Every structure is written in structure tokens, then in C-alpha cells.
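[1] Return atomic coordinates for the entry below.
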Amino acid sequence: MRKKNVGSAFLGLLIVTSLTAMISAILAITLRVITEKTQDRLFEQARTNSLLFFVFPVFGFALIFLLRKFIFHNKANKGIKEIYNSIENRKQTLPAYKVPSHYINGFLTVIFGGSTGIEVSTVVATAAIGEAAFQRSGMANKYKTEIVAAAVAAGITALFSSPITGVFFAVEAIARKTSKTILISALVAVVVSAFILRLAGLRPLFELHAQSWPYYAVPFILGFSIISGFVSVCFTKICLFIKNRFAAIGNNKLRVGVGALVVGIVIFLMPQLYGDSYHAVKALFVGASHFQFSASLIVLLLGVLIIKPIVASVTLGAGGDGGVFAPSLVIVAFLGLSFSLSLNHFFGTHLIPVNFMIIGMAAVLSGCIHAPFTALALMSTFSAGTIILVPLIIGSFTAKYIAKRLYPYTVYSYKGR
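    Numbering: from 1, shown residues only. Purely as a prediction, here's the structure:
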């Protein structure tokens, strides 16, 4: 009898997981498509009328503020911390309004120039779908983590067109533990999501072309991975510092106004930082093989590297919806190009810039969220092969080790405000 009950419960888990994954995948796909198309359209308008670089953030932040105040219970979105609180404390839940709240606010933040991405908005919205499915299904409490993690796995799969990234992110960053039921639930979810993704015909966010790498590059890869670990910690501390400073501003209108002003000035001066900045990264990869070292180019690249974490943090501190996922990918594409061009120029190393950009994206993402398998899987998907698998492994695990030794917290796990 006990085996029969266990089997029925497990079958119920698979059914709930599949339905949850389907809804989560549809949510992630629609958010991805409408955000990308709308952001591109508004960005082109701003490029023809530079005054819009100031107007868009003001309008976007103000709209988010008004929606939060009058529609979404006047409660700030706290990102992935909300998921951890729900999983760790059974009495806390992710209310259903978190689905439209993160979906709409994430969309508005990015399309109007807020310098972050929709990844965390997608993660929390899909987790809230998982929470609602768990509550309505009447499943045993022990399966709550499985359903929530599966929903997130489906969302990440749809967002990046990468099922393996969905599995690893759900396990490493959401469940933060491994069990047979968690793995099976995540696998079922990504299969469902991949099927829907195939019907939608969406390709990976980036299609990067890595090149064969020489073995003499290993010391440089290792050194760059260590640097990436330091950059990860700096990014995390900058984000936490600025968010706390904005949280200390008691006047909500002042906080929104200051944030909009800062973001507007920055994207006016550096349009590459508009929204998720993926357009700038794609352009960087297209021209990477043709770039030649020059002081002005390195200053520009380092300027983006330094300013992107700041403006991303201001975006979040002023009430924007998002996280460190997109900014971490962006800054290290610029860092990898700067690093390789500088060494090639001064020391004749003949490093391959594209490879170091890809390695850096994996390394800093891993260091920022302490999830090396997720970073490895994601960049393997983007580079469509195993040609630089060994450098990606070195980068992901080295950066995570360095980052965690220097600072044990991520933006997600920090216990402060």
C-alpha cells in the first residue's frame, strides 16, 4: 500500500510539473519576444532623437512606481530572495500577483532603458507560477521545492533556448541541493519547455563562434579567470552598496527621480548601456576579429566595464525589476576583449579575443551567482560546441572559487535589506 501511495504521489508530481512547465515556458517566451522587439524599436527611436534617452527612463521608472503603488500592493520586488524565503520558510509564499508584477515591471524596466535584463523577472514570475501550482495541487509540502524549481527550469530554458542551462540553474541557484525528485522534475520541465520552444522557433540568444585555442594560452586563461573572480566580487559589492544607498532614501519620488536622472545621463553618453545591452555585445562579437588595439578603444571598453555595474545597480535601486544576470554577461564581454587586445599588443601573445570574451562571460556569471555549471552550460550553448570546453571549465570554476573565497554572498543570498 505504501509503495502504491508513493507511486501515485510521484505520478502527481510529474503531471503538475509538466503543466507548470508549459505555462512557465509560454510566459518566458512571450516576455523574451515582446521585450526584445519593443526595446529595439524604442532604442532606434532614441538614437534618432537623443532627448528620448532622458525621457524614456523617467517615463519607465514613473510607470513602474505607479503600478507598484496602486496595482501591486505597494511592495517592492526583491528578486530571487523571494524564492528562497518561500522555499526555506513554508509559511511564506510567493503570491500570485508576483507573476504579472515581475512580468510587467521587468518588461517596462528594460524597454525604457533600465540597464538590466529580464532574466530575474522571468525567474521570479515562473517561480510564482510554481508556487501557485503547488498550492492548488494539494501536493505534499516536501514537493514544493521540486515544483518551484521545475517552473524556473522551464522559464530559463525558454529564455536562453538551453535546456541544460535550465536544469543546472534550477538545481544550483534555486533548489541549492540535489535529489532524485528535484532532478527528475527539472528534466521533465525542460523537455516540455524545449518542445514549446521548438514550436515557437526561437534560437539561442547569442550565436558565438569560438575558435580552436593553443595550449600556451592556458596560463593566460587561468589568470583571466582569477581576474574575473575579482570582478564578480566587485560587481556584487557595488550592486549591494548602491541598492542599500537607494533604500536609505525615504522619499520614494526622490529615489525614482534620482535613478531616472542617472540612468538617462549614462545611456545618453553611452548608448551601449541601454536596456539589457545585448545589442552592444552582439556588435562587439561581430567586430571582435577586426578590432585593433588603441588607447581610445581600451578606454571605451573599460568605461563600459566600470559603468555598467553602477548603472545596473542604480536601475535596481530606483525600483527597476531585474538582476545581475544580463549585466554580468555584458561587462565581461568588454573585459575579455580589452584583456586579449592589450596582451596581444604589448606582449605579442596572439590570444583570440572572441574566446576570451566567451570565457569571461562564463567566468563572471559563475562568480556572480556561484553557479559554475549554469555558466558553463549557458556559454557552451551560445558557442554551439565543445571547442573551448576546457577553457570554459577553467573560467567557470576558478572564478567561482575566487569569488566565494573573497566574499561568501551573492546578490541573491545576501541577508541585508
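
[2] Do I have it right that residue 355 meets residue 209?
    No: the criterion here is Cβ atoms under 8 Å, and residue 355 misses it with residue 209 at 9.9 Å. For every residue, glycine as well, the C-beta is placed using N, CA and C.

[3] Look at these two and report which has more neighbours.
    residue 355 (25 against 16; other Cβ atoms under 10 Å).

[4] tell me the average confidence for the helix or strand harbouring that one?
    Here residue 355 is covered by helix 353-369, with elements defined by DSSP states H and E. Across helix 353-369, pLDDT averages out at 94.

[5] Pull the distance from it to the chain's centre.
    Remark: helix 353-369 is offset 13 Å from the chain centroid, using Cα atoms, centre = their mean, to the nearest Å.

[6] any idea how far residue 394 is from the residue nearest to residue 389 when sequence neighbours are not counted?
    Spatial nearest neighbour of residue 389, chain neighbours left out: residue 380 (6.7 Å); criterion: Cβ to Cβ, 6 or more residues apart in numbering. When distance is defined by Cβ to Cβ, to the nearest Å, residue 380 is 13 Å away from residue 394.

[7] So between those two, which is more surrounded?
    residue 380 (23 against 19).

[8] Enumerate every residue touching the more buried one.
    164, 386, 389, 392 (Cβ atoms under 8 Å, 6 or more residues apart in numbering).

[9] how about stretch 303-310: buried residues?
    304, 305, 307, 308, 309, 310 (16 or more other Cβ atoms under 10 Å).

[10] Repeat that for stretch 23-43.
    23-29, 31-32, 35-36, 38-39, 42-43.

[11] Sort out for me which of these are in helices.
    23-29, 31-32, 35-36, 38-39, 42-43 (DSSP state H).

[12] picking that back up, could the buried residues of stretch 303-310 be laid out in JSON lines, adding pLDDT and distance to residue 129?
    Shown next, in JSON lines, are those (pLDDT from 0 to 100; distance: Cβ to Cβ, whole Å):
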{"residue": "304", "pLDDT": "85", "distance to residue 129": "35"}
{"residue": "305", "pLDDT": "85", "distance to residue 129": "35"}
{"residue": "307", "pLDDT": "93", "distance to residue 129": "35"}
{"residue": "308", "pLDDT": "91", "distance to residue 129": "30"}
{"residue": "309", "pLDDT": "91", "distance to residue 129": "30"}
{"residue": "310", "pLDDT": "93", "distance to residue 129": "33"}
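
[13] My guess is residue 319 contacts residue 61. True?
    Yes: contact criterion Cβ under 8 Å: residue 319 and residue 61 qualify, at 6.1 Å.

[14] Now list whatever residues contact both of these two.
    By Cβ under 8 Å, 6+ apart, the residues touching both residue 319 and residue 61 are 256, 259.

[15] Those two: which is more packed in?
    residue 61 (28 against 23).

[16] State the next helix or strand along the chain beyond the helix or strand containing that one.
    Using DSSP H and E, residue 61 sits in helix 52-70. Using DSSP H and E, the helix or strand that directly follows helix 52-70 along the chain is helix 80-88.

[17] Report the buried residues of that following helix.
    Buried-residue list, helix 80-88, by 16+ other Cβ under 10 Å: 80, 82, 83, 84, 86, 87.

[18] any chance of these in CSV, plus distance to residue 265?
    Formatted as CSV, the buried residues of helix 80-88 follow (distance: Cβ to Cβ, whole Å):
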residue, distance to residue 265
80, 29
82, 31
83, 33
84, 34
86, 37
87, 39
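
[19] what's the distance between the most centrally placed residue in the chain and residue 169?
    The residue lying closest to the centre of the chain (Cα atoms, centre = their mean) is residue 325, at 2.3 Å. Here the distance between residue 325 and residue 169 works out to 10 Å (Cβ to Cβ).

[20] List the neighbours of stretch 164-183 that are in contact with it.
    With Cβ under 8 Å, 6+ apart as the criterion, stretch 164-183 contacts 10, 13, 80, 83, 87, 123, 127, 143, 145-146, 148-150, 152-157, 160, 186-187, 189-190, 193, 369-374, 376-378, 380-381, 412.

[21] List every C-alpha atom in that stretch, with coordinates, as CSV.
    Extracted C-alpha coordinates of stretch 164-183, given in CSV (Å, rounded to 0.1, in the frame of the first residue of the first chain):
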residue,chain,number,x,y,z
ILE,A,164,20.8,22.1,-19.9
THR,A,165,21.1,25.6,-18.5
GLY,A,166,17.6,25.4,-17.2
VAL,A,167,18.4,22.2,-15.3
PHE,A,168,21.6,23.4,-13.8
PHE,A,169,20.2,26.8,-12.8
ALA,A,170,17.2,25.2,-11.1
VAL,A,171,19.5,22.9,-9.1
GLU,A,172,22.4,25.3,-8.4
ALA,A,173,20.7,28.6,-8.0
ILE,A,174,17.1,27.8,-6.9
ALA,A,175,16.9,24.4,-5.1
ARG,A,176,20.6,24.7,-4.0
LYS,A,177,20.6,21.0,-3.3
THR,A,178,20.3,17.8,-5.3
SER,A,179,17.9,15.0,-5.0
LYS,A,180,16.3,12.4,-7.3
THR,A,181,12.9,14.1,-7.4
ILE,A,182,14.4,17.6,-8.0
LEU,A,183,16.5,16.3,-10.9
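
[22] average pLDDT across that stretch?
    The predicted confidence, averaged over stretch 164-183, sits at 94.

[23] List the buried residues of that stretch.
    164-176, 181-183.

[24] and what of stretch 208-215?
    Buried, per 16+ other Cβ under 10 Å, within stretch 208-215: 208, 209, 210, 213.
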